[in-house]
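Trainee: sequence unavailable; structure follows:
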């Protein structure tokens, strides 16, 4: 039974880690896209500055500044791309793929707000206390290893109180991130309308390349803001749900979860 419990906990920890890495990967993808767009704008600015110098409108210092900005943007784009690739390799190896595999990593779904509506903190606290892996280990340990029956009872009480306090904070964090997500979603809808207008003007030749790149960059920034709010809410929901399932680390009297782990 203890071996089966250890396996289940190990599996749950792996799932938690992979879920977090999936969210991180999506953020890194957006950062790479933004860095590439900034590089494109820097290239355009540099070429324009050279033309302006040829016309006698820019000094060599202006061109040098544009070139330095281009080099900086090039380095930032390369760094973002490498960070994304490294993180993706780590992720796919954790999932059992070969190091040279290149699977498509889908986007993390938007958070399901109906799940939040189903949360019942009062009832969930009881489940979290019953399921907590550290509390289980404390209950199963001999009193002598805990410093006596009184000390063991005190440790159990402290850990139960920690679960109560932590779950309450996790629930409040979910509600805060839900409010931020809903605000970001409303704003992103407006940003999408602005981008659509820019697309129409660009198709009609009513925008310069510089103006359209600026509009694209603004949209990428808005997309990143919304995505980060979405992923933050998903992360908060998962933390709450894992805590209810018992996967909450405790500071008070915590024991190694590698010892005597059993069914949740």
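Mentor: Great, that's in hand. Just so it is clear, the structure is predicted and the values come from calculations on it, not from any experiment. Numbers count the residues shown, from 1 in each chain.

Trainee: all contacts plus neighbour counts: C-alpha atoms, from now on.
Mentor: OK.

Trainee: please, where are all the helices along the chain?
Mentor: 2-54, 60-94, 113-117, 121-131, 133-140, 149-203, 209-244 (DSSP state H).

Trainee: what residues of the second one count as buried?
Mentor: Spelled out, it's helix 60-94. Neighbour-count burial for helix 60-94 flags 62-63, 66-67, 69-70, 73-74, 76-78, 80-81, 83-84, 87-89, 91-92, 94 (criterion: 16 or more other CA atoms under 10 Å).

Trainee: so which elements touch it?
Mentor: helix 2-54 (3 or more CA pairs under 8 Å, 6 or more residues apart in numbering; DSSP states H and E).

Trainee: tell me what angle the helix it packs on forms with helix 60-94.
Mentor: 160 degrees (axes from the mean of the first three to the mean of the last three CA atoms, to 10 degrees).

Trainee: tell me the mean pLDDT over helix 2-54?
Mentor: Average pLDDT, helix 2-54: 93.

Trainee: roughly how far is that helix from the heart of the chain?
Mentor: 10 Å (CA atoms, centre = their mean, to the nearest Å).

Trainee: quick one on the thing from earlier: got CSV for the helices of the chain, with distance to residue 105 too?
Mentor: Shown next, in CSV, are these (distance: least, CA to CA, whole Å):
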stretch, distance to residue 105
helix 2-54, 8
helix 60-94, 9
helix 113-117, 23
helix 121-131, 32
helix 133-140, 31
helix 149-203, 23
helix 209-244, 15
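
Trainee: tell me which of the ones you listed lies nearest to residue 104.
Mentor: Among the helices of the chain, helix 60-94 comes nearest to residue 104, with 10.0 Å by CA to CA.

Trainee: quick one: mean pLDDT for the closest one?
Mentor: 95.

Trainee: for the nearest residue to residue 36 once chain neighbours are set aside, which residues are in contact?
Mentor: Excluding the flanking residues, the one nearest residue 36 by CA to CA, 6 or more residues apart in numbering is residue 77, at 5.5 Å. Shown in contact with residue 77 (CA atoms under 8 Å, 6 or more residues apart in numbering): 32, 35-36, 39.

Trainee: next one: residue 77 relative to residue 181, how far apart?
Mentor: 28 Å (CA to CA, to the nearest Å).

Trainee: got it, and residue 57?
Mentor: Distance, residue 57 to residue 181, by CA to CA: 47 Å.

Trainee: who's more crowded, those two?
Mentor: When residue 57 is set against residue 181 and neighbours are counted by other CA atoms under 10 Å, the residue ahead is residue 181, at 24 against 11.

Trainee: now do residue 109: how many residues are near it, please.
Mentor: Residues near residue 109, counting by other CA under 10 Å: 9.

Trainee: so where's the stretch 51-200 of the chain shaky on pLDDT?
Mentor: Within the stretch 51-200 of the chain, no range satisfies pLDDT under 70.

Trainee: got a list of what residue 25 touches?
Mentor: Here residue 25 is in contact with 84, 87-88 (criterion: CA under 8 Å, 6+ apart).

Trainee: ignoring the adjacent residues along the chain, who's closest to residue 110?
Mentor: Nearest non-adjacent residue to residue 110, counting by CA to CA, 6+ apart: residue 230, 6.2 Å away.
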